[in-house]
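>>> I would like the atomic coordinates for the input below:
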Amino acid sequence: MKIKNWLMVSHLVVMLLPVVAVYLLYVSLQNYNQEEDLKEYLEFQKLVSDLDSELNDASLYKRVGDERYQQLQKLGNASLRVDLYRYDGVQLFSTMEPEAIFTMQKSQDTLLENLNAMQKKARTYSYKKSVFDEDKQLAGIYEITQGREAWVETTNQNMLIMLISSGVFFILLYAIVITAINRKLNCPMNQLQEHMQAFADGKEMDKKLIQSRDEIGELNTHFEEMKNQIIETREALVKQQKEKEYMIAALSHDLKTPLTVVRTYTEALEDYDLTKEDRVEYQTILHDKLEHMKQMIDDLSIFTALQSSKNTLQSVQVNGNEFFEMLFSGYEEPCARKDIRLTTEWAVRNAYELDPKQMIRLIDNLMDNSIRYTPQHKQIWLAAVASTKSLPDWIFPSFKEEVNRWREAGTVILIQNEGKGMEESQLEKVFEPFFQDNASRGKGATSGLGLSIAKIIMENHKGKINIWSSENEGTLFVCWIKERG
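This is a model prediction of the structure:
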């Protein structure tokens, strides 16, 4: 539940619960008081019935001796009072003041008020009844007053219980609310704060963050995502730093050999006794080494530029057939110099969104790699095939089926060459910067960045590149390009 909704519901519950609790307690006490009241009323009614046999004697309401009143005195107690009045309103007797001489006289209206009816007051029950003589004349009136001490005490106790119960209830409710708020808000926020502080200090927390469905849960999720992104960025930076260090070391190593050759042959050219043929040969060697060094520097510049965040594709729409005809041209002469047979073909769609300059660089690097590792009198195949077309028959059978699955929903560029092939351990590292096999390293054969550049170019085009190789058979590079809908 969202925190906003949870707070609204909690606020409503906190407001309603005390009202409901007090109401239920009041109703229960009221029912209890009604039962006690009825019980007390019936007891008073029985008392009146019992006393009526003694008080309903007309002779009591005439002037009589103290003996009769002394007997009546036994009827009263601290909570029961009996008063006798003569017909003219003169009070004859009271159990509360038996020795008093009664001269007080009540008016007829006051005396006859509420006659023959039980009266209930806050602290007493009272009952008046007229007494007649033998001639049916009014002889007097007696009044019985019963104190309600038990009911008053019970009421006070109930009030005290109600107050104590209300206090206990409010304390419990407050404790429950504080516990709920602490569990819903404070604990998750404190836990998130601990995780943030631990992450800032570079420590790992054993306890995972609570994943709830409220705003704090969303905040925890965003924090975890941010944390993972920062960790990935840190790891990427560390990896880049290691790559830079490796690149510097590899570049220094790979430049050392041609620089040594350049220095050696430059010193040799200072010898005036050299023949013209030797001088031309030395100059040719120097030119080749300098060209190789220039190529290495160019590859490093391109590799660095492609990795830069500022690097953006300059994609344009190209005609498929015209573009791949242009892209695959110009490799016949380098192949012919090594007596390598080159076969090109394409069966592509009408249009693609590509960066032509980067695609030319891609094919140059892959073809340069294939020509370098293809022996004389062997063959290279270069093709582009749309997803709706079948793969060429010349693909090596050992990985044709796997390539067919991998190329799904995209156009593929295929560069396959016959040759020694590559080991499985080499295939895992072939796209890493400055990777070269042991036979090539230090001989000035390549900068070791060509395939890394090819991979970056494909990633920039939201494509992918893969390699299949079989020892003593050959190697196949496959580049996957997204097709337009």
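>>> and residue 381, what does it touch?
Residue 381 is in contact with 342, 343, 344, 392, 394, 395, 414, 415, 416, 417, counting by CB atoms under 8 Å, 6 or more residues apart in numbering. No exception for glycine: its C-beta is placed from N, CA and C like everyone else's.
>>> Mind doing that once more with 7 Å?
343, 392, 394, 414, 416 (CB atoms under 7 Å, 6 or more residues apart in numbering).
>>> helix or strand right after the least confident helix or strand in the chain by mean pLDDT?
Lowest by mean pLDDT, DSSP states H and E among the helices and strands of the chain is helix 66-73, with a mean of 72. Following helix 66-73 in sequence order, the next helix or strand is strand 80-86 (DSSP states H and E).
>>> ok, residues contacting the following helix or strand past that following strand?
Toward the C-terminus, strand 80-86 is succeeded by strand 91-94 as the next helix or strand (DSSP H and E). When contacts are defined by CB under 7 Å, 6+ apart, strand 91-94 is touched by residues 61, 69, 72, 81, 83, 84, 85, 86, 102, 104.
>>> Got a ChimeraX select line for the buried ones in the residues you listed?
Selecting only the buried entries of the contacts of strand 91-94 in ChimeraX, with 16 or more other CB atoms under 10 Å as the criterion:
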select :61,69,72,81,83,84,85,86
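>>> Turn the contacts of strand 91-94 into JSON lines, including distance to residue 375.
Formatted as JSON lines, the contacts of strand 91-94 follow (distance: CB to CB, whole Å):
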{"residue": "61", "distance to residue 375": "151"}
{"residue": "69", "distance to residue 375": "149"}
{"residue": "72", "distance to residue 375": "145"}
{"residue": "81", "distance to residue 375": "136"}
{"residue": "83", "distance to residue 375": "141"}
{"residue": "84", "distance to residue 375": "146"}
{"residue": "85", "distance to residue 375": "146"}
{"residue": "86", "distance to residue 375": "151"}
{"residue": "102", "distance to residue 375": "149"}
{"residue": "104", "distance to residue 375": "147"}
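>>> Return the distance of residue 197 relative to residue 234.
Counting by CB to CB, to the nearest Å, the separation of residue 197 from residue 234 is 18 Å.
>>> Ignore what I typed, I meant residue 315.
32 Å.
>>> These two - which one has more neighbours?
Ranked by neighbour count (other CB atoms under 10 Å), residue 315 and residue 234 place residue 315 first, with 14 against 10.
>>> Who are the contact partners of that one?
By CB under 7 Å, 6+ apart, residue 315 lies in contact with 353, 354, 355.
>>> Going through those residues, which ones are buried?
For those, buried by 16+ other CB under 10 Å: 354, 355.
>>> In strands only, show me the contacts of residue 315.
353, 354 (DSSP state E).
>>> For residue 284, state which of the contacts of residue 315 is nearest.
If you rank the contacts of residue 315 by distance to residue 284 using CB to CB, residue 355 comes first, at 36.1 Å.
>>> Near the nearest residue to the closest one once chain neighbours are set aside, how many other residues are there?
Once flanking residues are discounted, residue 355 sits nearest to residue 313: 4.6 Å by CB to CB, 6 or more residues apart in numbering. Residue 313 has 14 neighbours, counted by other CB under 10 Å.
>>> start at 41 instead
Got it, the first residue is 41 from now on, which makes the last one we talked about residue 353.
>>> From residue 425, how far off is residue 353?
23 Å.
>>> for the stretch 241-390 of the chain, what spans make up the strands?
356-359, 381-387 (DSSP state E, counting those that start in this stretch).
>>> From the contact counts, what lies against the shortest one?
When you say that, I think you mean strand 356-359. When contacts are defined as 3 or more CB pairs under 7 Å, 6 or more residues apart in numbering; DSSP states H and E, strand 356-359 packs onto strand 391-394.
>>> Need the residues that contact the helix or strand following the strand it packs on.
Once the chain leaves strand 391-394, the next helix or strand it forms, by DSSP H and E, is helix 396-412. Contact with helix 396-412 is made by 342, 356, 358, 367, 371, 374-375, 378, 380, 420, 455, 457, 485-486, 490-491, 493-494, 497, 500, 517, 519, as judged by CB under 7 Å, 6+ apart.
>>> could I get helix 396-412 in CSV with only the CA atoms?
Extracted C-alpha coordinates of helix 396-412, given in CSV (Å, rounded to 0.1, in the frame of the first residue of the first chain):
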residue,chain,number,x,y,z
PRO,A,396,29.5,4.3,-44.9
LYS,A,397,32.9,5.4,-43.6
GLN,A,398,32.8,3.1,-40.6
MET,A,399,31.5,0.2,-42.7
ILE,A,400,34.4,0.7,-45.1
ARG,A,401,36.8,0.6,-42.2
LEU,A,402,35.1,-2.6,-40.9
ILE,A,403,35.5,-4.5,-44.1
ASP,A,404,39.1,-3.2,-44.6
ASN,A,405,40.1,-4.5,-41.2
LEU,A,406,38.4,-7.9,-41.6
MET,A,407,39.8,-8.4,-45.1
ASP,A,408,43.3,-7.3,-44.1
ASN,A,409,43.1,-9.9,-41.3
SER,A,410,41.9,-12.6,-43.7
ILE,A,411,44.5,-11.9,-46.4
ARG,A,412,47.3,-11.9,-43.8
